[in-house]
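1. model the following, please.
(2 chains)
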Amino acid sequence: MRLYRIILAGFAVLALGAAAEVGPSASKGKDTFHRVGCYECHNYQGQGGPRLTAVSLDRLKSYVRNANGNMPPYRPTVLSDEDIADIYAYLSSLPKPPAPDSIVAVKNLKKGAP
Amino acid sequence: MVDVMKSLKLKYMFANTASAFRGLQESVVNYANNQDPEFITCLHEEAATAMAHGYAKAANEPVMVGCHGTVGLQHAAMAIYNAWCDRAPIVLVAGNTLDGPSRVYGNQWNHSAQDPAALVRDFTKWDDQPVSLQHFAESMVRAYRVAMTPPMEPVLIIADAELQEMELRDRGDLHIPKMSPIAPPQGDAGAVLEAANLLANAEHPVIVVDRAARTPQGMARIVAFAEALNAPVVDVGGRMNFPNQHHLYQAGGRGLIDNADVIIGLEVQNLYGTITTDSDNVQHSEQRRLKAGAKLISLGMADLYIRSNYQDFERYTPVDVAITGDCEATLPALTEAVKLKIPAARRDAIAGRADTFRKSHAANYERARAAIADDWDAVPVSTARVAAELYELIKNEDWAMVSGGYGGNRTLWNFDKHYRYIGLRGGGGVGYGMSAAVGATMAHTPHGRFCVNFQPDGDMMFSPGIIWTAAHHKVPLLTIMHNNRAYHTEVMHIQKMCNRWNRGVDRASIGCAIANPNIDYAMMARAMGMHGEGPINDPKEVLPALKRAVATVKRGEPALVDIVSQPR
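-> Next comes the predicted model:
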């Protein structure tokens, strides 16, 4: 009986582990975003430059692989498809910014503001 | 010698004290009573020269920089190069002892040269080593005039130590010649008409400006020219060329260039880059952006002044009409010619362009304004937040930004006067920022302007002694440290190389990061007698720190706010 419980517990741990690895990980994405230097142009929360989550994950992957502007292309050996998905999950998980007009200094930049 | 300097109204002598010009220095502080020129104590010749570079752009007149023989001139060299690329006038005076047996100390031999100016001759417009006082007077006046004739550039006079220190018993026939300024040349009338004809009949003309407006008058002339055509203005940013809240100011301009049928470049250094998309990436590539049949016009002095060695003339650009002349001097004739050449049938269509540009200008402005909120609470602190919070504090002051742009402020702040902005560093040499800002502030302060410098951290560390100079001379400058703890651009270059060889980018920051230990710039400021705030990590602490720093500057003293910031 005891052996049976141990085997059952082992299966449970494995199942949990497998469940944890299903789907992209925002926390891994945050680490990767910093590790591979995305923040250099896109800032630490991905708010600099073009909005990275304004496009689909597939479109983002395609751009990352084939970039030929200021951004260098990233090959799968350096940044895997899973890494890009994690980064996408991280950026998608960030809270929405405040409305511009809820900030006094930004509201006052409106044309015609005092 | 000092009388000559007085005749030229050289207000300051920026210098690190040196035995090679001890005679001159003593005469400035005693004979001239340290006034016109006033000796400003600098801790490095690179800082002194960059100060003069900033001063020249803010005041549109040169000051003097004193350099030690050989060693001081070598320290100054990079900053001279920046000023040369940036068309900024500076009168450099370097000490030297030409006569060997007259050199007393061992080091005086190290500090002397047969031809000291050779070191910087490739990037100074003119130099001389006068051997008599009369010769000195004539050469100084000539040097000043050469420096102030467009294209304005640094010049160098070698002041022989014996000449500086000899006793002058009788002035005899010595005299100081009158400085006769040269009127800048206007472009050829035929070429002006040809250009006007192309522009007046263009469907989509575009004006590109770089170092075009030297003076407020120059800026007004560019506005009049753009309004005559209702043509968009793409500003490369070498000078304060065009008011950024004017509807014809069109940031970026990529689509405009692609769609243009006639483009005119006003004092544009890199015209080739303006009409080409150049990708500095794994596979270097470039693509010409001009559509078939589009015409290109250049107006500027670049073709009249070119040297062989240093390559700041950029890639050769074929143009359809090349007008060699000073932009400010030529624009009135070009504007009038354009007005005359516009066919009556086209006047309504040209007037109709304004609405299009009003809409795109407003949309671009609103996009930039909304983007500030995106990272309002970001840690490290967002540069856009700092720029917005600072503007709220100073927008009613008569402010001047004495650095490059920051946090989107070149779009959002109201750059409506020529003195609001002084352009960039010219040759791309690091170590320009804080020193040029201090020099520019010295030009602005007599006019009561509130000066702001957005200061990159890596640039600051090339000559941090400028903090002491600003504190010692009570130069009321607000410095905001853009402390991203790295040579940020260089990290990206290394990233590109990492990706080129597919070796992973994890180590790209090695050699580029300025961290561990982190530099405490506020403490550095306080150590040299300047008001220091920070380092600030919490965005909520930015505004109170800015308020304290602004109050300090309004009292007439410099202040520095160290903000640990997002990379961009």
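2. for the rest of this, base every contact and every neighbour count on C-alpha atoms.
-> OK.
3. what sits against B:R449?
-> By Cα atoms under 8 Å, 6 or more residues apart in numbering or on different chains, the contact set of B:R449 is B:397-400.
4. sorry, wrong one. I was asking about A:A85.
-> So A:A85 contacts A:24-25, A:29, A:57 (Cα under 8 Å, 6+ apart).
5. least trustworthy helix or strand in chain A by mean pLDDT?
-> helix A:2-20 (a mean of 50; mean pLDDT, DSSP states H and E).
6. quick one: pLDDT of residue 24?
-> Answering for chain A, as no chain was given. The model reports A:P24 with a pLDDT of 94.
7. can you look at chain B instead?
-> So B:L24 comes in at 97 (pLDDT).
8. quick one: name whatever helix or strand follows the host helix or strand of it.
-> Per DSSP states H and E: B:L24 is located in helix B:22-26. Per DSSP H and E, the first helix or strand lying C-terminal to helix B:22-26 is strand B:38-41.
9. chain center to that following strand, what's the gap?
-> 22 Å (Cα atoms, centre = their mean, to the nearest Å).
10. got it, and stretch B:287-299?
-> Distance, centroid of stretch B:287-299 to centroid of chain: 28 Å (Cα atoms, centre = their mean).
11. please apply the same query to stretch B:389-397.
-> Worked out by Cα atoms, centre = their mean, stretch B:389-397 lies 23 Å from the chain centre.
12. contacting residues around it?
-> Contacts of stretch B:389-397 (Cα under 8 Å, 6+ apart): A:105, A:108, B:413, B:449-450, B:543, B:546-547, B:550.
13. can you check stretch B:492-503 too?
-> Residues contacting stretch B:492-503 (Cα under 8 Å, 6+ apart): A:37, A:40, A:71-75, A:77-78, B:281-282, B:504-505, B:508-509.
14. same thing but 6 Å
-> With contact meaning Cα atoms under 6 Å, 6 or more residues apart in numbering or on different chains, stretch B:492-503 is reached by A:72, B:282, B:504-505, B:508.
15. chain A: helices as residue ranges?
-> A:2-20, A:26-35, A:39-42, A:57-66, A:81-93, A:104-107 (DSSP state H).
16. please apply the same query to the stretch 351-500 of chain B.
-> Taking DSSP state H, counting those that start in this stretch to define them, one finds helices in the stretch 351-500 of chain B at B:383-394, B:409-412, B:433-444, B:457-460, B:466-472, B:488-501.
17. show me which residues of chain A are close to chain B?
-> By Cα under 6 Å from any Cα of the partner chain, the residues of chain A that approach chain B are A:35-36, A:40, A:43, A:69, A:72, A:78, A:97, A:100, A:105.
18. which one of the contacts of stretch B:492-503 is nearest to B:G69?
-> B:A508 (40.3 Å; Cα to Cα).
19. spit out the contact partners of B:D398.
-> B:449-450.
20. let's see that with 10 Å instead.
-> The contact partners of B:D398, by Cα atoms under 10 Å, 6 or more residues apart in numbering or on different chains, come to B:417, B:419-420, B:447-451.
21. tell me the one of the contacts of A:A85 nearest chain B?
-> Closest to chain B out of the contacts of A:A85 is A:G29 (14.8 Å), distances taken as Cα to the nearest Cα.
22. pLDDT value on B:I350, please?
-> 96.
23. let's verify it: helix, strand, or coil?
-> helix (DSSP: H, G, I helix; E, B strand; the rest coil).
24. same check, this time on B:I157
-> B:I157 - assigned by three-state DSSP - is strand.
25. now B:D278
-> Relying on three-state DSSP, one would call B:D278 strand.
26. how close does it sit to chain A?
-> 8 Å (Cα to the nearest Cα, to the nearest Å).
27. count of residues packed around that residue?
-> Residue neighbour count, defined by other Cα atoms under 10 Å in any protein chain shown, stands at 16 for B:D278.
28. tell me which residues touch it, please.
-> A:69-70, B:272, B:284-288.
29. 6 Å instead, please
-> Listed by Cα under 6 Å, 6+ apart, the contact partners of B:D278 are B:285-286.
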